[in-house]
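> could you work out the structure for the sequence below:
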Amino acid sequence: MRKIAFLIATAILLPLLAGCEENKGGALPAISGKAGEIIVVANKAQWEAEVGNRIRGVLAAEYDYLPQKEPLFNLANVPEASVNKLIKVHRNLFYLNVGEGKTTGMQVRNDVYASPQTVVVVTAPDDNTAAEFIKANGESIVEAFEKAERDRLISNAKLYEEVKLRELVSNKFGGSPIFPNGYTLKKQTPDFVWISYETSYTIQGILIYSYPYENDSQLTMEKLIQKRNEVVKENVPATSEGSYMITNPTIVPGFREVEYNGIKKAEVRSLWDTYGDFMGGPFVSQAFRSKDGNSIIVTEGFVYAPKYNKRNYLRQVESILCSFEWK
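Prediction:
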């Protein structure tokens, strides 16, 4: 991820943030808006020009590894003059602060007008400079909002946690994610657990399994997919007799190294399919070494939601994986 210079100078007073002292010492109102929404505060001319194209190209880019096209975020443009109390308490705000003499940079602020809120402000002397900055630092801008959505989900899970599931997983693997209310145990073996939240039309599944660590080559994409196919074939049947989950063989998975709660992980994203059936959907998995270093632990979240968009469902199960903590 590119490193960016965060604009922290207090001498620059941003119009959107100027009223943040209003709530000092008092309780902030709850955020408004739906998961995955961002309000972009910029005038109409900016929104329709190149800088607007850059904003959409970054924040409304296609979400990778979903069966249907969905954007990273749903955007709504609001001119600064139209920012009212209802807009100010939205969960995610992106503010374009352009003017002569201003220093180019980015500021991320939390809980300005509401809680838990994230406000990202990009400052630049002109629209062209702002557009180039947004293009160059797109990953950091996206991650600020991804982190905000993830942290909200984890915080809510902590409030309404299925504590017994965490205890079960911790006793088996030495640590556990936080499971929100409604998740139930579907299957367990000595080195495998399947925990699921199911409705009439959706399944959000969490798979956790471990196997002996031999060397770091086991944490490559190819080896992780190979092991995944072995595990899900044995443990995750589909609805037809003799059918089972597989990794979609026609798509090259996404692979990257991430770190959450101080745990370095190898993350794989792709689509799952079924042998002998017609089910499928997206999944994300995170593999890492056990605390004693003797095993590899894999946590995976998958989604089956044939009637619905899947982005928010996938973010929900991904937040569970990211909440993993050692016992």
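> check contacts around the residue nearest to residue 182 when sequence neighbours are not counted.
With CB to CB, 6 or more residues apart in numbering as the criterion, residue 182 has its nearest non-adjacent residue at 5.0 Å, and that residue is residue 197. Quick note: C-beta positions are derived from backbone N, CA and C, even for glycine. Residues near residue 197 by CB atoms under 8 Å, 6 or more residues apart in numbering: 180, 182-184, 203-205.
> ok, the residues you listed vs residue 238, which is closest?
residue 203 (11.1 Å; CB to CB).
> what average pLDDT does stretch 74-89 get?
On average, the pLDDT along stretch 74-89 is 96.
> roughly how far does residue 322 sit from residue 302?
For residue 322, the distance to residue 302 equals 15 Å [CB to CB, to the nearest Å].
> circling back to that earlier point, using CSV, write out every CA atom in the host helix or strand of the residue nearest to residue 182.
With elements taken from DSSP states H and E, the one containing residue 197 is strand 192-198. Extracted in CSV, the C-alpha atoms of strand 192-198 (Å, rounded to 0.1, in the frame of the first residue of the first chain):
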residue,chain,number,x,y,z
PHE,A,192,-12.4,-28.5,11.7
VAL,A,193,-15.4,-26.3,12.6
TRP,A,194,-18.2,-25.0,10.5
ILE,A,195,-20.3,-22.2,12.0
SER,A,196,-23.1,-20.7,10.0
TYR,A,197,-25.8,-18.1,9.9
GLU,A,198,-28.7,-19.2,7.7
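> mind checking what helix or strand follows that strand in sequence?
Assigned by DSSP H and E, the successor of strand 192-198 is strand 203-212.
> give the pairing partners of that following strand; include direction for each.
Using DSSP bridges, the strands paired with strand 203-212 are strand 192-198 (antiparallel), strand 295-304 (antiparallel).
> from the contact counts, what lies against the helix or strand that it is followed by?
Toward the C-terminus, strand 203-212 is succeeded by helix 221-235 as the next helix or strand (DSSP H and E). Judged by 3 or more CB pairs under 8 Å, 6 or more residues apart in numbering; DSSP states H and E, helix 221-235 is in contact with strand 192-198, strand 203-212, strand 244-247, strand 263-275, strand 281-289, strand 295-304.
> picking that back up, top of the contacts of residue 197 by neighbour count?
In terms of neighbours by other CB atoms under 10 Å, the contacts of residue 197 top out with residue 204 at 24 neighbours.
> mind pulling up the pLDDT for the residue nearest to it when sequence neighbours are not counted?
Once flanking residues are discounted, residue 204 sits nearest to residue 197: 4.6 Å by CB to CB, 6+ apart. At residue 197, the predicted lDDT confidence score is 98.
> kindly report the same for residue 16.
The model's pLDDT for residue 16 equals 49.
> use 431 as the first number from now on
With 431 as the first residue, the last one maps to residue 446.
> how about residues contacting the worst-scoring helix or strand of the chain on mean pLDDT?
Every helix and strand in the chain was compared by mean pLDDT, DSSP states H and E; the lowest is helix 515-518, with a mean of 95. Contacting residues not belonging to helix 515-518 are listed as 446, 449, 462, 469, 471, 508, 523, 542-544 [CB under 8 Å, 6+ apart].
> who touches stretch 663-678?
Here stretch 663-678 makes contact (CB under 8 Å, 6+ apart) with 617, 619, 622, 624, 635, 637, 639, 655, 658-659, 662, 683, 700-707, 709-710.
> quick one, which of these are buried?
622, 624, 635, 637, 639, 655, 658-659, 662, 683, 700-704, 707, 710 (16 or more other CB atoms under 10 Å).
> which two in the contacts of residue 627 are spaced the farthest apart?
Longest span within the contacts of residue 627, CB to CB: 610 and 633, 14.8 Å.
> returning to what we had before: which one of the contacts of residue 627 is nearest residue 482?
residue 634 (34.7 Å).
> and that closest one, what are its bridge partners?
Where residue 634 sits in a bridge, its partners, by DSSP bridges, are residue 627, residue 733.
> you'd agree it is up against residue 743?
Yes - under the criterion of CB atoms under 8 Å, residue 634 makes contact with residue 743 at 5.9 Å.
> joint contacts of those two?
residue 733.
> you'd agree residue 594 is in a helix?
Yes - counting by DSSP: H, G, I helix; E, B strand; the rest coil, residue 594 is located in a helix.
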